[in-house]
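S.K.: here's a sequence, model it:
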Amino acid sequence: MNAARPVSSTCRPARIYYEDESIQGRNLPDELKATLGGKTGKGNRINKYQDHGGELGGPLWRDRLWAWGAIGKTDVTLLTLANTPDQTILENYSFKGTGQVSQALRGSFTYYRGEKLKYGRDAGPKRPQETTFNQGGPTQLYKGEANIVLGNNLFLTARQSYVEGGFFLDPQGGLDVDAIFADDAGVAHNSYFRFETVRPQWGSSVDGNFFRGRHEIKFGFGYKKADVDSTYTVPGKAIRTFHDKYPVMIADVTAWNDFAATTGRYLNAYVGDTLTFDRLTTIVNLHFVREMRTAGKGEYDVVMQDGRVQRVTRRFRRDLERALAALD
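M.R.: Numbering: from 1, shown residues only. Got it, this is the predicted structure:
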């Protein structure tokens with residue numbers, strides 16, 4: 001991970017690290033290979049590990065404009081007990097620019113992007129390759145800040161930020177096939193469900209310091225809004241199939257929609273005064289916080305079980321009718 005840092009003259013050499021299975025040691029005893037070693041007898045192990053990145057920063061315009069940036073990438077591939085690959089890629093980009101507009105005004109902008117790419121998530125003895133997830137979805141941060149000096153005794157800092165968050169889990173078997181979520185041995189087949197969540201956040205704040213005589217007054221307020229909206233999708237005809245001593249099978253028709261849609265709003269304000277009398281210092285603070293949360297309706301339950309319709313959502317009524325027709 002690359003964390004934004006104060007802008008200064010910085011130039012660091014690039015880092016490069018590499019490792020693969022051939023240069024690893026193994027500590028699995030021979031007597032345990034048959035029980036703990038999995039399909040190959042080698043157990044869970046790292047197939048490949050590589051990491052590289054670097055950073056660069058410095059002045060672009062003397063005493064006026066500075067910039068700093070960094071980039072990094074980590075690629076790790078594991079081999080599970082079933083000898084299926086589980087690859088994780090971490091990509092991070094950072095940038096910060098600072099400008100001195102005048103003696104009374106200074107501004108800065110920060111950008112950060114981090115993404116976790118995972119291919120073969122949840123791979124294991126009961127989750128063969130086609131039922132594992134491909135994970136993606138970057139998180140991006142945008143932040144602007146202004147520092148203002150008004151006269152000799154008032155200093156203000158204003159900040160505005162936006163976080164573009166969320167991720168998805170795509171089954172490697174795709175959404176065009178009917179999935180068997182568990183056979184008699186508890187092993188999934190063909191594909192799995194899809195999950196996606198979107199989590200944007202907005203934030204604003206103003207902080208100030210005011211000096212007058214014995215008083216140092218600090219004040220400020222802030223507002224933040226955060227949304228979470230998540231969705232499940234069942235592949236194929238939206239039928240969840242479970243073996244019950246094959247050839248007997250249990251089939252549940254599902255109509256999953258947004259199962260969570262929540263918005264949180266947070267408001268805070270404060271004011272405090274520090275009074276100094278020779279050897280005596282008195283601090284008085286007042287802080288106000290309010291949280292407001294709104295939960296959307298969840299629509300994710302099984303709508304047919306044991307041949308009877310239990311719940312139908314309007315949004316998915318047409319898809320449900322198609323799924324019921326597929327059972328005929």
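S.K.: as a quick check, tell me the outermost residue of the protein.
M.R.: Residue farthest from the centre of the chain, counting by C-alpha atoms, centre = their mean, is D278 at 50.8 Å.
S.K.: any idea how far E19 is from that residue?
M.R.: 63 Å (C-beta to C-beta, to the nearest Å). C-beta here means a position set from N, CA and C on the backbone, and glycine is covered the same way.
S.K.: also F168?
M.R.: If you measure F168 against E19 using C-beta to C-beta, the figure is 29 Å.
S.K.: host element of the spatially most central residue of the chain?
M.R.: Relative to the mean C-alpha position of the chain, the nearest C-alpha, by C-alpha atoms, centre = their mean, is the one of G166, at 5.2 Å. Counting by DSSP states H and E, the secondary-structure element that holds G166 is strand 154-171.
S.K.: which other helices and strands does that strand contact?
M.R.: Contact here means 3 or more C-beta pairs under 8 Å, 6 or more residues apart in numbering; DSSP states H and E; on that basis strand 154-171 packs against strand 133-136, strand 139-150, strand 194-212.
S.K.: does W68 touch L60 like I think?
M.R.: No - counting by C-beta atoms under 8 Å, L60 is not a contact partner of W68; they are 10.4 Å apart.
S.K.: neighbour-wise, which of the two wins?
M.R.: Neighbour comparison, W68 and L60: the larger count goes to W68, with 21 against 13 (by other C-beta atoms under 10 Å).
S.K.: name the nearest residue to the more buried one, sequence neighbours excluded.
M.R.: Distances taken as C-beta to C-beta, 6 or more residues apart in numbering put G57 closest to W68, at 3.0 Å, once the chain neighbours are dropped.
S.K.: could you give the number of residues near S94?
M.R.: Neighbour number of S94 under other C-beta under 10 Å is 21.
S.K.: now do the nearest residue to K126 once chain neighbours are set aside against E130, distance only.
M.R.: The shortest distance from K126 to any residue that is not its chain neighbour, by C-beta to C-beta, 6+ apart, is 4.9 Å, and that residue is V187. When distances are taken as C-beta to C-beta, V187 and E130 turn out to be 11 Å apart.
S.K.: do I250 as well
M.R.: Noted for I250: a distance of 21 Å to E130, by C-beta to C-beta.
S.K.: helix, strand, or coil at L32?
M.R.: In the three-state summary, L32 is assigned as helix, counting by DSSP: H, G, I helix; E, B strand; the rest coil.
S.K.: show me where the stretch 201-328 of the chain has strands.
M.R.: Under the criterion DSSP state E, counting those that start in this stretch, the stretch 201-328 of the chain carries strands at the ranges 215-233, 239-243, 249-254, 258-277, 280-295, 302-305, 308-309.
S.K.: and those, which one is worst for confidence?
M.R.: Averaging pLDDT over each of the strands of the stretch 201-328 of the chain singles out strand 302-305 as the lowest, with a mean of 42.
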